[in-house]
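K.L.:
Okay, here's the prediction I keep looking at, along with the sequence it came from:
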Amino acid sequence: MGSFLFIVALLVVAWMAVIGPQLRDQRPDWHWYLTGFPRTALRVMVTWRKVAHLNDLTVSHKPNRRLLGDLAVKGEPLRTRVPRLSFPQPTPKGLSVLVRLHPGQTPEPFMAAADALAHAWRVHAVRIVSPERGVVLITASASDPLEHPDRPTGEVSASLLSAAVGTLETGHAWVMDFRRVPHWLIVGATRSGKSTLIARLITELAPQPVALVGVDCKGGMELGLFERRLSVLATCRSEAIAVLGALVVDMQDRMRTCRAAGARSVWELPEEQRPMAVVVIVDEIAELYLTNGNKEQRAEAEQCSTYLLRLAQLGAALGMHLVVAGQRVGSDLGPGVTALRAQLSGRVCHRVNDSGTAEMALGDLNKDAVAVAQSIGEAEQGVAVTTGELGGWMRGRSHLTTPTEAQLTAAEYAGLAPRLRGIVRALEDLNGGDDV
């Protein structure tokens, strides 16, 4: 017996001194499953009752009164009942547990106790949602999954119009899939990570057989890095009107093609008849809507608003997709922005300078998401709140793409940029017949 205990102790020492550190550095996922998860799961099960009592997550149970002759016997004093906790289930970088609520309980006290649970369980963060009535899902992250956005867990399947842009707080890849979510709104203040996300998105779409159209009314300062891969780049509002108008005409042609073939979308057409998908990236949407009161400028802004709204309303089934980005997006830009927002089902909100922009991006989806987005600090560049499947939203961080990498990507895939004749012709007419 003594020799057996000696061997066990020797193995434990070897694990702690040599094998454990090597495994943590080379295969952190294995290290978590073999070491971190069992230890944390045990801590969750052992501390649950005490933590529930300390954070008012229990309900009071009043024993039934009994009659003893003509006397009412009240019985024992009030007792507290702790909600039932499921056995912890491992996740790639944490664990999750389900809590069955007692009648009368609501998820709000559990959400308020998230920080207390994180401290008690010694994990990085705790996220609490209610996927269905009477149930609370608690997800604990052992470490910060957003620290290395270029190292998501799991495999990412490459498919048309799908772009892996970073890492979600679950540890999995942050994927923007235009076949599933056709249009996106991205907001963020200066140096919040908005431009980084757009750069990563274009980098991921560049190798695909997709037409990329840029609208950057800041003179092309942001999207100009990818100009060689873009089919066209509009750098002012008049050019944007010409480009968007030509896209609306192309969209109408696609509608006629689908109607003639008896198809409800371009994806039902035979591959040889299917037009190429188009992704339109609009950087700094406010530049298309702001005016100084001049009648001509107001007319231009209304024209842009109409074209964007038509593309958003009808483009999904016709292979035309929108990515609209801006530092500030509010109702003060006009009713057209609010109508456009309603059509952009994909939302990404980085750190913003005003609550109105966060409300515009996430307010109609989830109020908790607005509060989380407003808590993003200046040091958390690239961190954003985005629409997701777990409770409707989650935090993510985009993978950094440097200007040099952007230019190299544009040069490498420049040959894949299709020449969209309708748009080129519209720009030539705008510029007096000069070749674009």
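P.N.:
Everything's here; your move. Numbering: from 1, shown residues only.
K.L.:
Strands of the stretch 1-150 of the chain, residue ranges please.
P.N.:
In the stretch 1-150 of the chain, the segments counted as strands under DSSP state E, counting those that start in this stretch are 59-61, 66-68, 71-73, 79-81, 84-85, 89-91, 94-100, 125-132, 135-141.
K.L.:
Of all those, which one is nearest Arg274?
P.N.:
strand 125-132 (37.5 Å; Cβ to Cβ). In this view, the C-beta of every residue, glycine as well, is placed from N, C-alpha and C.
K.L.:
Next, the residues that contact that closest one from outside, please.
P.N.:
107, 110-111, 114-115, 117-118, 136-141, 144, 169, 390-391, 394 (Cβ atoms under 8 Å, 6 or more residues apart in numbering).
K.L.:
Ok, which of the strands of the stretch 1-150 of the chain comes nearest Ala301?
P.N.:
Per Cβ to Cβ, nearest to Ala301 of the strands of the stretch 1-150 of the chain: strand 125-132, 39.6 Å.
K.L.:
Buried ones in the helix or strand containing Ser238, by neighbour count?
P.N.:
In this structure, Ser238 sits in helix 237-261 according to DSSP states H and E. Neighbour counts over helix 237-261 (16 or more other Cβ atoms under 10 Å) mark 237, 239-248, 250-251, 254, 257-258 as buried.
K.L.:
Let me have the strands of the stretch 1-150 of the chain in TSV, extended by mean neighbour count and mean pLDDT.
P.N.:
Below are the strands of the stretch 1-150 of the chain laid out as TSV (neighbours: other Cβ atoms under 10 Å; pLDDT from 0 to 100):
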stretch	mean neighbour count	mean pLDDT
strand 59-61	12	73
strand 66-68	8	51
strand 71-73	9	53
strand 79-81	12	79
strand 84-85	14	92
strand 89-91	16	90
strand 94-100	19	92
strand 125-132	17	85
strand 135-141	21	91
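K.L.:
need the contact list for the spatially closest residue to Ser195 that is not a sequence neighbour.
P.N.:
Counting by Cβ to Cβ, 6 or more residues apart in numbering, Ser195 lies nearest to Glu222, which is 5.5 Å off, once chain neighbours are set aside. Neighbour list for Glu222: 195, 198, 216, 283-284 [criterion: Cβ under 8 Å, 6+ apart].
K.L.:
go again using 6 Å as the cut-off
P.N.:
195, 216, 283 (Cβ atoms under 6 Å, 6 or more residues apart in numbering).
K.L.:
May I have the predicted confidence score for Pro63?
P.N.:
pLDDT for Pro63: 57.
K.L.:
What strand or helix carries the residue most central in space within the chain?
P.N.:
Nearest to the geometric centre of the chain sits Thr386, at 2.8 Å (Cα atoms, centre = their mean). Of the helices and strands defined by DSSP H and E, Thr386 is found in strand 383-387.
K.L.:
Mind listing the strands that strand pairs with, and their directions?
P.N.:
strand 346-349 (antiparallel), strand 393-398 (antiparallel) (DSSP bridges).
K.L.:
And for the shortest one, what's in contact with it?
P.N.:
Right, strand 346-349. In contact with strand 346-349 (Cβ under 6 Å, 6+ apart) are residues 181, 184-187, 358, 361-362, 373, 384-387.
K.L.:
what ranges of the chain fall below the confidence cut-off?
P.N.:
1-29, 61-78, 150-151, 153-157, 388-391, 432-436 (pLDDT under 70).
K.L.:
what does the domain assignment say about it?
P.N.:
For the chain, automatic domain parsing gives the domain ranges 26-141, 162-430.
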